[in-house]
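Asks: pasting a predicted model and its sequence here:
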Amino acid sequence: MRAALIAAVLGAGMLAGGCIPRRDVTDELDRGWYLDENPWPRAQPKPLVIGTQRLPTRWMFRRDDSTVRSAASIARAVDALRAGTDQIDMAVSPAHARTIESILAEVRAALERLKDIADPDDPPSPGVWAAAVADALIQGEIVARAATAPSPPAPAPREPATRAAPAGTAQHGGLSAGAMLEMVIAYLNERAGGRLLAGIDATEIGRLREIIAQVILRLGFAVAGKEPPEALRGQVSSELAQAPDPRRLRAPLRKRLRAELEAAPPALGDEQLRSLLRAVVGGVPSSLEVVESFVRQWPRINALELELRYADGEPLLAVTIDVAPGRSVRLAKLHPLAPAIVFRGRSRIIVVLQAPGTGEAAVLFEAGAAGATELRFEGILYGLVRLMAMPLADGTLREIRVLSTKPCRGRKTFTLAMLMEAEGRGDPRRLFVLHDVRDVRVLRTAFEVRRIERRRDLTASYVTPAHLYTYRRPAAAADLSGVERRE
């Protein structure tokens, strides 16, 4: 209630101050509203391999409210994965979905921790580097334990009378999440030319612990320009695996990693791995958050399908969601001021990591015969804006474009463009654009490293066939909340 009141006061003040001017336009929409080519029809699957193990590039998840049937289905899928297959089809119960969501959140936390060392304009000190890599390794161990738990006993032939999940639910959910994680790692290894998993022979799902440690250490040392010791991965994996609580190893692990970093020899030709780390921490956490938001709403979903293909050498990811009749599913917000994205029926999302010619990431939306993907301007703030300043219209979402750049040292820009078609007469095209610019300075003292946001400009534009509405919010300099780093 308090947040809604604050939003109402801020919205009223913004509108009263005349912060959203309107300008008549004739061709603004023609310049900005264009749909990228959909490359999916000509895309082809490409095998993913770790060592000699073939991994699936197509995953089909079907909702089954029975935890017993779901557990049996996941067990069969894991057996197929170990034998090598191009696609996986499994039933997932709401209880298993909660386990998968939890593991994905842990993976996201590990990647978020590595973000502190990935900025080339802000190279970390040895203490900051060691803290970030140690925390990521501990998060990786937590993921490995959940994803490689011993196979649970076979489920009883009949459903238990209680609502509680039967024994083994967490293990089955963990195994399915671990299998998905292997696919992601195999893809990253391919993008790194095989260097990410050099020396790893992952023919057993139980080796996931060492695979995770290898990925974190290779990327961590690469971003520091050093070569990781050959024995370090095995030693760290063994120590974390034997610890009753890996979090208790945080302090000694940080100390050891700092010493290993200072003694490690320089690495040659690791720019590919450094670029991979920046790409991973820049895009994968937000992608995982989207998948988490779908899994969190699993009781509303009939089926979810993920498929990886390639077109012109570039990867494409298709996410097909089938929402239960009479229900709707909401996508996690891509930006705090972005409108809500709502799915009904059957829809497909195609993620183009780099659109030809523009370098933008593009998200294309296709709706089935009974499906729809809608963009909705909801909430008290958008209600005030619609009432007092601009004619915001809900409608069908066709495409999202995202462009993140660093035009100069210390400056970061983020542009989010949403192309939609509003209901009603006349030209249905609408364009909503958010442009976020931040200038950041790194302040170093004897005892801490702190990032200071010197300036942040946020521009929101809404374009109709006849008018352009623009809101600009310049912000005063301030410390970036939550990113202060101490050694």
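Replies: Nice, thanks for sending it over.
Asks: show me where the stretch 351-487 of the chain has its helices.
Replies: For the stretch 351-487 of the chain, the helices defined by DSSP state H, counting those that start in this stretch cover 380-388.
Asks: any chance you could map the strands in it?
Replies: In the stretch 351-487 of the chain, the segments counted as strands under DSSP state E, counting those that start in this stretch are 361-367, 372-376, 395-408, 411-422, 429-444, 448-463, 467-475, 478-479, 485-486.
Asks: mean confidence for the last one?
Replies: Confidence over strand 485-486 (mean pLDDT, whole number) is 30.
Asks: what ranges does the chain have for its helices?
Replies: Counting by DSSP state H, the chain has helices at residues 2-16, 28-32, 67-83, 94-114, 126-147, 169-191, 208-223, 232-242, 250-263, 271-296, 380-388.
Asks: mean neighbour count and distance to D135 added to the strands of the stretch 351-487 of the chain, as JSON lines?
Replies: Placement of C-beta: from N, CA and C, glycine included. Formatted as JSON lines, the strands of the stretch 351-487 of the chain follow (neighbours: other C-beta atoms under 10 Å; distance: least, C-beta to C-beta, whole Å):
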{"stretch": "strand 361-367", "mean neighbour count": "20", "distance to D135": "28"}
{"stretch": "strand 372-376", "mean neighbour count": "20", "distance to D135": "37"}
{"stretch": "strand 395-408", "mean neighbour count": "17", "distance to D135": "24"}
{"stretch": "strand 411-422", "mean neighbour count": "18", "distance to D135": "23"}
{"stretch": "strand 429-444", "mean neighbour count": "17", "distance to D135": "20"}
{"stretch": "strand 448-463", "mean neighbour count": "17", "distance to D135": "16"}
{"stretch": "strand 467-475", "mean neighbour count": "15", "distance to D135": "30"}
{"stretch": "strand 478-479", "mean neighbour count": "12", "distance to D135": "22"}
{"stretch": "strand 485-486", "mean neighbour count": "14", "distance to D135": "12"}
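Asks: could I get those strands as CSV with distance to P285?
Replies: Shown next, in CSV, are the strands of the stretch 351-487 of the chain (distance: least, C-beta to C-beta, whole Å):
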stretch, distance to P285
strand 361-367, 14
strand 372-376, 23
strand 395-408, 13
strand 411-422, 14
strand 429-444, 17
strand 448-463, 18
strand 467-475, 24
strand 478-479, 23
strand 485-486, 18
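Asks: and the ones you listed: which comes nearest R113?
Replies: Ranking the strands of the stretch 351-487 of the chain by proximity to R113 (C-beta to C-beta) places strand 485-486 first, at 11.2 Å.
Asks: what about L331, distance to F343?
Replies: The spacing between L331 and F343, counted by C-beta to C-beta, to the nearest Å, is 7 Å.
Asks: break this structure into its domains for me.
Replies: For the chain, automatic domain parsing gives the domain ranges 2-39+312-486, 67-276.
Asks: hey, least reliable of those domains by pLDDT?
Replies: Of all the domains of the chain, domain 2-39+312-486 has the smallest average pLDDT, which comes to a mean of 75.
Asks: give the contact list for the residue minimising distance to the centre of the chain.
Replies: With distances taken as C-alpha atoms, centre = their mean, the residue of the chain nearest its centroid is S287 (2.2 Å). For S287, the contact set (C-beta atoms under 8 Å, 6 or more residues apart in numbering) comprises V351.
Asks: let me see the contact set for the closest residue to P266 other than its chain neighbours.
Replies: Excluding the flanking residues, the one nearest P266 by C-beta to C-beta, 6 or more residues apart in numbering is G225, at 6.0 Å. Applying C-beta under 8 Å, 6+ apart, we find G225 in contact with P266, A267, D270.
Asks: I400 now?
Replies: L334, A362, V363, F365, L416, A417, M418, L419.
Asks: bridged to it, which residues?
Replies: With DSSP bridges applied, the residues forming beta bridges to I400 are V363, M418.
Asks: now it: how far from G282?
Replies: Look at I400 and G282: by C-beta to C-beta, they are 16 Å apart.
Asks: likewise W33?
Replies: 27 Å.
Asks: looking at the two, which is more packed in?
Replies: It is W33, of W33 and G282, that has more neighbours when counted by other C-beta atoms under 10 Å, with 19 against 14.
Asks: residue contacts, that one?
Replies: Residues in contact with W33 (C-beta under 8 Å, 6+ apart) are L419, R429, L431, V463.
Asks: okay if I get these as TSV plus distance to P252?
Replies: Output for the contacts of W33, formatted as TSV (distance: C-beta to C-beta, whole Å):
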residue	distance to P252
L419	52
R429	59
L431	54
V463	56
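Asks: and L331, bridged to which residues?
Replies: I341.
Asks: among the helices of the chain, which comes closest to W59?
Replies: Using C-beta to C-beta as the measure, helix 169-191 is the one of the helices of the chain that comes nearest W59, at 6.7 Å.
Asks: before we move on, the earlier item: tell me which of the strands of the stretch 351-487 of the chain sits nearest to Q87.
Replies: Proximity to Q87, assessed across the strands of the stretch 351-487 of the chain by C-beta to C-beta, is greatest for strand 361-367 (20.4 Å).
Asks: can you give me the neighbour number for the closest residue to S70 other than its chain neighbours?
Replies: Among residues not flanking S70 along the chain, S93 sits closest, at 3.8 Å (C-beta to C-beta, 6+ apart). Residues within reach of S93, counting by other C-beta under 10 Å, total 26.
Asks: wait, doesn't S93 sit right on F61?
Replies: No. Counting by C-beta atoms under 8 Å, S93 stays clear of F61, with 10.7 Å between them.
Asks: quick one: contacts for A241?
Replies: By C-beta under 8 Å, 6+ apart, the neighbours of A241 are E141, A144, R209.
Asks: 10 Å instead, please
Replies: E141, A144, R145, T148, R209, E210, A213 (C-beta atoms under 10 Å, 6 or more residues apart in numbering).
Asks: could the residues you listed go into a markdown table alongside neighbour count and distance to L232?
Replies: Output for the contacts of A241, formatted as a markdown table (neighbours: other C-beta atoms under 10 Å; distance: C-beta to C-beta, whole Å):
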| residue | neighbour count | distance to L232 |
| --- | --- | --- |
| E141 | 24 | 15 |
| A144 | 27 | 17 |
| R145 | 17 | 20 |
| T148 | 19 | 21 |
| R209 | 20 | 14 |
| E210 | 21 | 12 |
| A213 | 25 | 9 |
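Asks: ok, the residues you listed vs E182, which is closest?
Replies: T148 (10.5 Å).
Asks: one step back: which one of the contacts of G225 is nearest L81?
Replies: Distance to L81, by C-beta to C-beta, is smallest for D270 among these, at 31.0 Å.
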